[in-house]
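A.B. asks: Pasting a predicted model and its sequence here:
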Amino acid sequence: MNLHEYQGKSILKTFGVAVQESVVIDDVANAVSKAKELTEKTGTEWYVVKAQIHAGGRGKGTIEETGSRGVVLAKGIDKVEEVVKGILGGHLETAQTNGVAKKVNKVMIAEDVYYPGDSEPSEIYMSVLMDRDKGRNVIIYSTEGGMDIETVAEETPELIFKEEVDPRVGLQGFQARKIAFNLGLNGKAFKEMTKFVTALYNSYIGSDASMFEINPVLKTSDDKVIAVDAKVTLDDTALFRHKDYAEMRDKTEEDPAEVEADEAGLNFVKLDGNVGCMVNGAGLAMATMDIIKQSGGNPANFLDVGGTADAARVEKAFDIILKDENVKAILINIFGGIVRCDRVAQGVVDAYKNMGGIPVPIIVRLQGTNAEEAKKLIDESGLDVHSAVLLQEASDLVKKILA
Amino acid sequence: MTALTKCRKLANMSVLVNKDSKVIVQGFTGSEGTFHAGQMIEFGTNVVGGVTPGKGGQTHLDKPVFNTVQEAVDKAAADVSIIFVPPAFAGDAIMEAANAGIKVIICITEGIPVNDMIKAKEYISAYECTLIGPNCPGVITAGEAKVGIMPGFVFEKGSIGIVSKSGTLTYEAADQVVKAGLGITTAIGIGGDPIIGTTTKEAVELLMNDPETKGIVMIGEIGGNLEANAAKWIKENGTKPVVGFIAGETAPAGRTMGHAGAIVGGADDTAQAKKAIMRDCGIHVVDSPAKIGEKMAELL
């Protein structure tokens, strides 16, 4: 589950990670009063206004309606309202929003942390994530903060460091010191960094996160170390331990069809093709999408209906798939094991009848337990449903229907 | 000798499980455990009992229930365990099995928190055991033992071994292989999670070393580099034809496709990239999952 910056920072803070202080508003009327509260707390006289959407690249992104950037510095309390107006409620498109502008429902007003002082502020990159190869969590960090890390990895890979954590003992003191040394820090900033990275790792474990990306971590001009941005992804499977985090889910950031499918217990991913599909099992579902492509179509979705493909589930799945007007045909591919194919076939027939017909051709491929009975059931139902037993036959049918 | 082959020698098995395996079910009296234990017994698997903490001393499906895995090992000589306990307790169940001396631990449970699996995997590395899964359909040795949730009737005895991350896609492949007249030795469902006990390479190695297996079907999907590692190993050590398929050519980057581990993270873990490496390493890759059986028949 992805979180907004303000949510991620609130979690970090509860674990003692130093973050850039901020307030969050969803109504421009509160902008000035909230900004004043922030000044009382932090003494800041400048304010960074940041759009809260689930995508990076906000600083370079553009608000469609106003032309404003997604992150803007307001140099004074008298500028806050105007800046907020340019962002809040608008639609922000960035390099990471896949060509669709995202509605900005909330903005963060944050303290200015790039103030001048005894030393130059410097930006650091830091992330925590699971290295699949090693089966362990790693901390990735670089002196090249504030930039796109993929670019750094390509151009100057020697500036990216990696620290692997032994799960039995967690992050050790020598590792935190190594990180601070590698980042070229000394004196107060060195100590601050060892504290920061230790707290960051503990919060990663404590919140059951699957990714933290803090870009940048800032060493301020007075040698404090703080998280200026926070991209936090939590492990969905661990949310049962964190009811409070589960409530942070922002459904407006997700595809409405995916939200509906999720509520119905269907594992669904919306795609932009012309052939819908309904499959039991994730691997077979992906393979079915590939078959659609090879048969001359493009998959409109990924859908794993799971082990109980009864009439109610099948009907719900039809309903969700058919909301997409691009869908020209639907391929149902079930390998019956413990699930009996004739039950699924009955589910398809019942759903079809309940819905009073389906406007696109349906191809049903049922294989495994009671496959022959299932084919008979469908063939004799009088419905406009094409049935197949072999996967190759299903593929040929898709080809024929799209032709 | 790797831990895996050592383990196999100790237990004297076909591949991982056989008719002499003494199987216990962790989460025996729950609904999933009950249903699948019944199916396994019906198949002919030597289920010697089960574990449900607090229900020790009872009898379930005519088999003894134990409070702990240790008790099952001590009293029923259990050496294989299949785990159906809910995600919140599954990591603990894996560690308990290893600690009690179980040699082959098969974890079916889907949705175990990643940090629990990191810990469990680290913990069991100190024991001489093999973990299969989690989030997998289990292992079946045709005609001998089914320690999993797959439909047993599909897996007719023959000469082909299967390694797969997916459940139903394994059944699909097995069905095609059987219809092509070849049949199955052992099918190993390694699981679709980002952290699993036995890798594709390790499972392929077991089948390469099995004298009854004449050919191997290797089914993968997007995400991670298990298939690439297996392919490189096959190139150096392979002695049998391998047919490969990777699901998810049409999956968009950055989205999780059902299995927690099925997510394209970079240029190296797309279906296309994996297939290219596999082809370079001499694996017979099919683009259509409908051609797996046909291809294997053609090679043998």
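C.D. replies: Arrived safely. Numbering: from 1, shown residues only, chains lettered A, B, ... in the order given.
A.B. asks: Quick one: low-confidence residue ranges for the chain.
C.D. replies: Here I'm looking at chain A. A:308-309 (pLDDT under 70).
A.B. asks: let's do chain B instead
C.D. replies: By pLDDT under 70, the weakly predicted segments of chain B are B:1-13.
A.B. asks: Do you have the helices of it handy? List them.
C.D. replies: Counting by DSSP state H, chain B has helices at residues B:3-11, B:31-43, B:69-76, B:87-99, B:114-124, B:168-179, B:200-208, B:226-237, B:271-280, B:292-299.
A.B. asks: Could you save those helices as JSON lines and add columns showing distance to chain A?
C.D. replies: For glycine as for every other residue, the C-beta is placed from the backbone atoms N, C-alpha and C. Conversion of these to JSON lines gives the following (distance: least, C-beta to the nearest C-beta, whole Å):
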{"stretch": "helix B:3-11", "distance to chain A": "15"}
{"stretch": "helix B:31-43", "distance to chain A": "7"}
{"stretch": "helix B:69-76", "distance to chain A": "21"}
{"stretch": "helix B:87-99", "distance to chain A": "6"}
{"stretch": "helix B:114-124", "distance to chain A": "5"}
{"stretch": "helix B:168-179", "distance to chain A": "3"}
{"stretch": "helix B:200-208", "distance to chain A": "12"}
{"stretch": "helix B:226-237", "distance to chain A": "9"}
{"stretch": "helix B:271-280", "distance to chain A": "8"}
{"stretch": "helix B:292-299", "distance to chain A": "9"}
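A.B. asks: could you redo those as a markdown table and give each row mean neighbour count?
C.D. replies: Formatted as a markdown table, the helices of chain B follow (neighbours: other C-beta atoms under 10 Å in any protein chain shown):
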| stretch | mean neighbour count |
| --- | --- |
| helix B:3-11 | 15 |
| helix B:31-43 | 18 |
| helix B:69-76 | 19 |
| helix B:87-99 | 22 |
| helix B:114-124 | 21 |
| helix B:168-179 | 27 |
| helix B:200-208 | 24 |
| helix B:226-237 | 20 |
| helix B:271-280 | 19 |
| helix B:292-299 | 20 |
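A.B. asks: Looking at those helices, which is nearest to residue A:192?
C.D. replies: Residue A:192 lies closest to helix B:114-124 among the helices of chain B, at 26.7 Å (C-beta to C-beta).
A.B. asks: Identify the residues contacting the residue of the stretch 101-250 of chain B found nearest chain A.
C.D. replies: Residue of the stretch 101-250 of chain B nearest chain A, by C-beta to the nearest C-beta: residue B:166 (2.2 Å). Going by C-beta atoms under 8 Å, 6 or more residues apart in numbering or on different chains, residue B:166 touches A:281-284, B:137, B:189, B:192, B:219, B:221, B:247, B:259.
A.B. asks: sorry, back to before: could you say which one of the helices of chain B comes nearest to residue A:114?
C.D. replies: Nearest to residue A:114 among the helices of chain B is helix B:114-124 (34.9 Å), distances taken as C-beta to C-beta.
A.B. asks: Name the nearest residue to residue A:365, sequence neighbours excluded.
C.D. replies: Spatially, and ignoring its direct neighbours in sequence, residue A:365 is nearest to residue A:394 (3.7 Å; C-beta to C-beta, 6 or more residues apart in numbering or on different chains).
A.B. asks: Would you mind measuring from the residue in the stretch 151-300 of chain A that chain B sits nearest to to residue A:321?
C.D. replies: Nearest residue of the stretch 151-300 of chain A to chain B: residue A:283, at 2.2 Å (C-beta to the nearest C-beta). Distance of residue A:283 to residue A:321, computed by C-beta to C-beta, to the nearest Å: 20 Å.
A.B. asks: When those two are compared, which one has more neighbours?
C.D. replies: Neighbours were tallied for residue A:283 and for residue A:321 using other C-beta atoms under 10 Å in any protein chain shown; the higher tally belongs to residue A:283 (32 against 23).
A.B. asks: Wait, the more buried one touches residue B:219, no?
C.D. replies: Yes. Contact criterion C-beta atoms under 8 Å: residue A:283 and residue B:219 qualify, at 7.1 Å.
A.B. asks: can you pull up the bridge partners for residue A:69?
C.D. replies: Beta-bridge partners recorded for residue A:69 (DSSP bridges): residue A:62.
A.B. asks: Now do the contacts for it.
C.D. replies: Counting by C-beta under 8 Å, 6+ apart, residue A:69 touches A:58-63.
A.B. asks: Can you say which of these are buried?
C.D. replies: Applying 16 or more other C-beta atoms under 10 Å in any protein chain shown to these, the neighbour count classes A:58, A:61-63 as buried.
A.B. asks: ok, so of those residues, who is nearest residue B:275?
C.D. replies: residue A:61 (35.6 Å).
A.B. asks: Need phi/psi at residue A:321.
C.D. replies: phi -60, psi -40 (degrees, to the nearest 10).
A.B. asks: give the contact list for it.
C.D. replies: By C-beta under 8 Å, 6+ apart, the contact list for residue A:321 reads A:276-278, A:300-301, A:303, A:327, A:330.
A.B. asks: Mind giving me the ChimeraX select for those residues, buried ones only?
C.D. replies: Command for ChimeraX that selects the buried part of these, burial taken from 16+ other C-beta under 10 Å:
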select /A:276,277,278,300,301,303,327,330
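A.B. asks: For the contacts of residue A:321, could you give me TSV that also reports distance to chain B and secondary structure?
C.D. replies: Below are the contacts of residue A:321 laid out as TSV (distance: C-beta to the nearest C-beta, whole Å; DSSP: H, G, I helix; E, B strand; the rest coil):
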residue	distance to chain B	secondary structure
A:276	13	strand
A:277	10	strand
A:278	13	strand
A:300	11	coil
A:301	11	strand
A:303	9	strand
A:327	15	coil
A:330	16	strand
